[in-house]
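**Student:** Sharing a model that was predicted from the sequence below.
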Amino acid sequence: MLAKTYGSSVYGVDASVITIEVNVSQGAKFNMVGLPDNAIKESEHRVDAAIKYSGFRMPRQKTVVNLAPADVKKEGSAYDLPIALGILVSSNQIFSETLGQYMIMGELALDGQLRPIKGVLPIAIEARKQGFKGFILPKENAAEAAIVNNLEVLGVENLREAIDILEGNSSIEPLSIDTRDIFFTNLNDYDADFADVQGQENIKRALEIAAAGGHNVIMIGPPGAGKTMLAKRLPSILPPLSLPEALETTKIHSVAGRLGPDASLIATRPYRSPHHTISDVALVGGGGLPQPGEISLAHNGVLFLDELPEFKRTVLEVMRQPLEERRVTISRAKVSVDFPANFMLMASMNPCPCGYYNHPEKECVCPPGAVQRYLNKVSGPLLDRIDLHVEVTPVSFEQMTADRKAESSDIIRERVIAARAIQEERFKKHPEIHSNALMPSQMVKELCVINTAGKALLKNAMEKLGLSARAYDRILKVSRTIADLANSEDIKIEHLAEAIQYRSLDREGWAG
């Protein structure tokens, strides 16, 4: 007898339906076809043990399992549950008229218990799109799938409970959650706050500008100056996620298996801080079946690279194209996958190997030329793509012990939201652009007009600092953001002057 169940395969951040066809007939061999990987091939033994433990028998006849379409590679252990149910229906051990109405996914343990799987949210979205009545899956993944409305989400703990649902004997109710309630309850729920930071007012100002315009930023300063502490607080002043952004972010983390058990919608902007030993594949994504890397996990949030010169040169260079295009394309012989990568890059570095070059109190002990060699570990083209270069100086004892209350993230965020609102109005005819940092060169010329005095100032700065054409555009974009924060329609000379000072690494004095 032929039985059909339905599962799904995830490519990139999108899912497609996989039909699992099972036929039990005369013979004595188990065959699995349809380009399964080793994890799927080994499911025969897991399914055998789970079926027996659940009180049924594994048929000792010829059993053919076909994963269609047969020319697409399938990976992972999440096909165990639909294969087991297909075998039981095909061997006439259970009877179900609703088998084809459900998307079914789950990894089986030997005792029939279900283990959580990856990529549940895009699978649930595809199930609703294809008109399935419901989605049977491990209970630990149910909250994630329930984000999708108009789909019965049935979380089960073991194979026996899944069988009861198909036979109509189950008391399990579909899980229903209020997505908007979860979203708005957890919105801006950050652990770190700028109210905890004493001093560093110039750095806070630079980070406010970066957040308001979506600009990339690098902080240069000695050890212990507070670079990492400030970086952790940047997401708390970014505009809140919109619901579509939250869904897109959750999809990426779901595909990568980073949501954890019983997780639901991600409502805060992600903050990723990979170690400097990371490989280029781990950073941008890849693998046989391409998986998202750190730059995609930071989508709609912040990617923080601490000790930037310690990263391998090849790792940093692969970021150059995603920083411009806001997406990364992973190409393989048979498949090409796009992952979104619209993140804010935040980096930090010491000014030299010992960390105390230009320190107000401690003396640098690096040999001649060491500072230049250290800075040269970060390429010029990458630095050109970073809009703000900020010098971080140590906080004095008086500042640390001052009674003055620092501004909270909520107050700074309000100013950032007001500036972003101006930009939304400015770019309403260009839906792909939502911040000043994303403006192409032609738009910069149209929207970042400066007067004669501003041109003279910028020309002088370009000549003295030896800035590239890309750096010229960056200065204009940053000055446009500063003007937006000041609620000014025109870019004034003071806005331009402030933007120019955020090009510390372009100064000749940094060469040592």
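**Tutor:** Done, it's in.

**Student:** hey, what's the nearest residue to A142 once chain neighbours are set aside bridged with?
**Tutor:** Distances taken as C-beta to C-beta, 6 or more residues apart in numbering put G155 closest to A142, at 3.0 Å, once the chain neighbours are dropped. C-beta: built from backbone N, CA, C; applies to glycine. G155 has these beta-bridge partners by DSSP bridges: L137.

**Student:** Tally up the residues packed near I203, please.
**Tutor:** I203 has 22 neighbours, counted by other C-beta atoms under 10 Å.

**Student:** I figured it was touching M219, is that so?
**Tutor:** Yes - under the criterion of C-beta atoms under 8 Å, I203 makes contact with M219 at 6.9 Å.

**Student:** got any ranges where the protein has weak pLDDT?
**Tutor:** 397, 399-401, 506-512 (pLDDT under 70).

**Student:** need the longest strand for it.
**Tutor:** Looking across the chain with DSSP state E, the single longest strand is strand 14-25.

**Student:** Quick check: can you name the pairing partners of it and their directions?
**Tutor:** By DSSP bridges, strand 14-25 pairs with strand 2-11 (antiparallel), strand 62-68 (antiparallel).

**Student:** after the shortest one, next one along is what?
**Tutor:** Sequence-wise, the next helix or strand downstream of strand 62-68 (DSSP states H and E) is helix 80-90.

**Student:** tell me the contacts of I177?
**Tutor:** For I177, the contact set (C-beta atoms under 8 Å, 6 or more residues apart in numbering) comprises A143, A146, I147, S264.

**Student:** most neighbours, which of these?
**Tutor:** Counting neighbours by other C-beta under 10 Å, A146 leads the contacts of I177 with 25 neighbours.

**Student:** Isn't it up against V153?
**Tutor:** Yes - the pair A146 / V153 is scored as a contact, 4.5 Å apart, by C-beta under 8 Å.

**Student:** tell me which residues of the host helix or strand of I203 are tucked away?
**Tutor:** Per DSSP H and E, I203 falls inside helix 201-213. Neighbour-count burial for helix 201-213, counted by 16 or more other C-beta atoms under 10 Å, picks out I203, K204, R205, A206, L207, E208, I209, A210, A211, A212, G213.

**Student:** Count the neighbours of I83 for me.
**Tutor:** Neighbours of I83 (other C-beta under 10 Å): 25.

**Student:** that older thread, identify the contacts common to I203 and M219.
**Tutor:** Joint contacts of I203 and M219 (C-beta under 8 Å, 6+ apart) are L230, V390, V392.

**Student:** how about the last one, phi and psi?
**Tutor:** Torsion angles at V392 (phi, psi; degrees, to the nearest 10) stand at phi -110, psi 120.

**Student:** Distance of V217 relative to L383?
**Tutor:** Distance check for V217 against L383: by C-beta to C-beta, to the nearest Å, it reads 12 Å.

**Student:** Compare neighbour counts for those two and give me the winner.
**Tutor:** Regarding V217 and L383, a neighbour count based on other C-beta under 10 Å identifies V217 as having more, with 26 against 20.

**Student:** Next, work out how far apart the more buried one and A437 are.
**Tutor:** Look at V217 and A437: by C-beta to C-beta, they are 10 Å apart.

**Student:** which residues do those two both contact?
**Tutor:** D387.

**Student:** For A418, which non-adjacent residue is spatially closest?
**Tutor:** The shortest distance from A418 to any non-neighbouring residue, by C-beta to C-beta, 6+ apart, is to N487 (7.5 Å).

**Student:** and the one you found, how many residues sit next to it?
**Tutor:** 10.

**Student:** And the residue nearest the centre of the chain?
**Tutor:** By C-alpha atoms, centre = their mean, the chain has its centre lying nearest to L297, at 2.1 Å.

**Student:** My guess is that one contacts S273. True?
**Tutor:** No - no contact is recorded between L297 and S273 when judged using C-beta under 8 Å, the distance being 10.8 Å.

**Student:** so who does the nearest residue to T19 once chain neighbours are set aside touch?
**Tutor:** With C-beta to C-beta, 6+ apart as the criterion, T19 has its nearest non-adjacent residue at 4.4 Å, and that residue is A68. A68 makes contacts with I18, T19, I20, E21, G34, as judged by C-beta under 8 Å, 6+ apart.

**Student:** Please report the distance of the last one from L388.
**Tutor:** Relative to L388, G34 is positioned 52 Å away (criterion: C-beta to C-beta).

**Student:** how far does stretch 433-451 stretch from start to finish?
**Tutor:** End-to-end distance of stretch 433-451: 25 Å, with C-alpha to C-alpha, to the nearest Å as the criterion.

**Student:** Pull out the buried residues from that stretch.
**Tutor:** I433, H434, S435, N436, A437, L438, M439, M443, V444, L447, C448, I450.

**Student:** give me the element the closest residue to E310 other than its chain neighbours is part of.
**Tutor:** Of all residues not flanking E310 in the chain, H276 sits nearest, at 4.1 Å (C-beta to C-beta, 6+ apart). Secondary structure from DSSP H and E places H276 outside every helix and strand.

**Student:** which residues does H276 contact?
**Tutor:** Contacts of H276 (C-beta under 8 Å, 6+ apart): L305, D306, E307, E310, F311.

**Student:** Quickly note the distance from the nearest residue to the last one once chain neighbours are set aside to R385.
**Tutor:** In other words, F311. Nearest non-adjacent residue to F311, counting by C-beta to C-beta, 6+ apart: H276, 4.8 Å away. Distance of H276 to R385, given as C-beta to C-beta: 19 Å.

**Student:** for G213, same thing?
**Tutor:** G213 sits 14 Å away from R385, going by C-beta to C-beta.

**Student:** How many residues are close by the residue nearest to A142?
**Tutor:** 23.

**Student:** Contacts only, for it.
**Tutor:** Neighbours of G155 in contact, by C-beta under 8 Å, 6+ apart: L137, P138, K139, E140, N141, A142, A145, I172, L175.
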